[in-house]
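> Below is the sequence, then the predicted model.
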Amino acid sequence: MSELLLKIDGITKRFGGLHALSGVGLTINKGEIYGLIGPNGAGKTTLFNVLTGLYQPDEGSFSFNGLDLFRQKPNVVVESGIARTFQNIRLFANMTALENVMVGQHVRTRSGILGAIFHSPKAVKEENDIHNKATELLAYVGISKHGKELARNLSYGDQRRLEIARALATRPTLLALDEPAAGMNPKETDDLKKLMEKIRNDGVTILLIEHDVKLMMDLCDRIAVLDYGKKIAEGVPNMVKNDPRVIEAYLGVAPE
Ligand SMILES: Nc1ncnc2c1ncn2[C@@H]1O[C@H](COP(=O)(O)OP(=O)(O)OP(=O)(O)O)[C@@H](O)[C@H]1O
């Protein structure tokens, strides 16, 4: 039986008079790849921002892995096991790829600032572990040969992989990816699809925003569709694809 991981209900987010999200509810089960689609401005990124604590919702409820995360701060959300990537890549451009991933792990470190300054044995061991784990993660996402390069010198596709490695460094239960295939060529997209499948098979649940409908149909177990801040459909890809409300939202006309 599927095990519930995330549940939101009645989530509303307003910007002045604009209802970016209106009463959105959904559930994500452990081990799923759950897709979020919808036309431009539908509210997908706003929902990600609510789920990762960047935006405070006006109404609703939000529980994750048995924890109440409604209106929690981003650091609490990350520590609870939700990590994300951004639509516009947000790496530390002037740090190496390896350093970017090492930073991601500091969410889970134990030795304090004094230990780091005085090089306590515990802090030194922890730093070595972080270095080794970051090296492993670069290999895991397929960019180990770029570890010593500055993030800004990586190709676009590799920067996207690096963002995923940095998110995985926080040891998430749920990985939220905002348009990870944007700007990728078909080969890169296919490789990314394989990486997402591997991540899921290794036990991390995935929430995915993507405009590449074919990729979403191939990859996702279930998909929710947002339009003007409301959820208009949810289900397995084939069902969603043929839903008249979804076709109308995308094409602007009701199917005959
Ligand atoms: N910080 C903000 N202040 C004001 N309005 C905002 C803010 N963030 C989002 N919006 C508005 O909320 C609505 C939903 O935007 P959102 O970025 O969530 O859509 P989206 O589905 O992610 O779109 P896209 O596919 O183009 O990325 C839009 O009308 C947008 O202009």
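Sure, I can see it. Residues are numbered from 1 along each chain as shown.

> Tell me the helix or strand right after the lowest-mean-pLDDT helix or strand in the chain.
Least confident helix or strand, the chain: helix 113-117 with a mean of 59, by mean pLDDT, DSSP states H and E. Using DSSP states H and E, the helix or strand that directly follows helix 113-117 along the chain is helix 121-140.

> mind showing which ranges of the stretch 101-250 of the chain have poor pLDDT?
For the stretch 101-250 of the chain, the stretches with pLDDT under 70 are 107-119.

> Just the helices from it, written as ranges.
Listed in chain order, the helices of the stretch 101-250 of the chain (DSSP state H, counting those that start in this stretch) span residues 113-117, 121-140, 156-168, 186-201, 213-219, 237-241, 244-251.

> Any idea which of those helices gets closest to the ligand?
helix 244-251 (11.4 Å; C-beta to the nearest ligand atom). (Each C-beta comes from the backbone N, C-alpha and C, glycine too.)

> Not counting sequence-adjacent ones, nearest residue to Leu91?
Take Leu91 and drop its neighbours on the chain: the residue closest to it by C-beta to C-beta, 6 or more residues apart in numbering is Ala151, 4.2 Å away.

> Next up, the contacts around that neighbour.
Neighbouring residues of Ala151 by C-beta atoms under 8 Å, 6 or more residues apart in numbering: Leu91, Phe92, Ala93, Asn94, Met95, Thr96, Ala97, Asn100, Gln159, Leu162.

> give me every residue that touches the closest residue to Arg245 other than its chain neighbours.
Counting by C-beta to C-beta, 6+ apart, Ile232 is the residue found nearest to Arg245 once chain neighbours are left out, at 4.7 Å. Shown in contact with Ile232 (C-beta under 8 Å, 6+ apart): Val225, Leu226, Asp243, Arg245, Val246, Ala249.

> Number of residues surrounding the residue nearest to the first one when sequence neighbours are not counted?
Counting by C-beta to C-beta, 6+ apart, Val225 lies nearest to Ala233, which is 4.3 Å off, once chain neighbours are set aside. Using other C-beta atoms under 10 Å, the number of residues around Ala233 comes to 21.

> Bridging across strands, which residues link to the residue positioned nearest the centre of the chain?
Centrality entry for the chain: nearest residue to the mean C-alpha point is Ala176, 1.5 Å, by C-alpha atoms, centre = their mean. Note on Ala176: beta-bridge partners by DSSP bridges are Arg84, Leu207.
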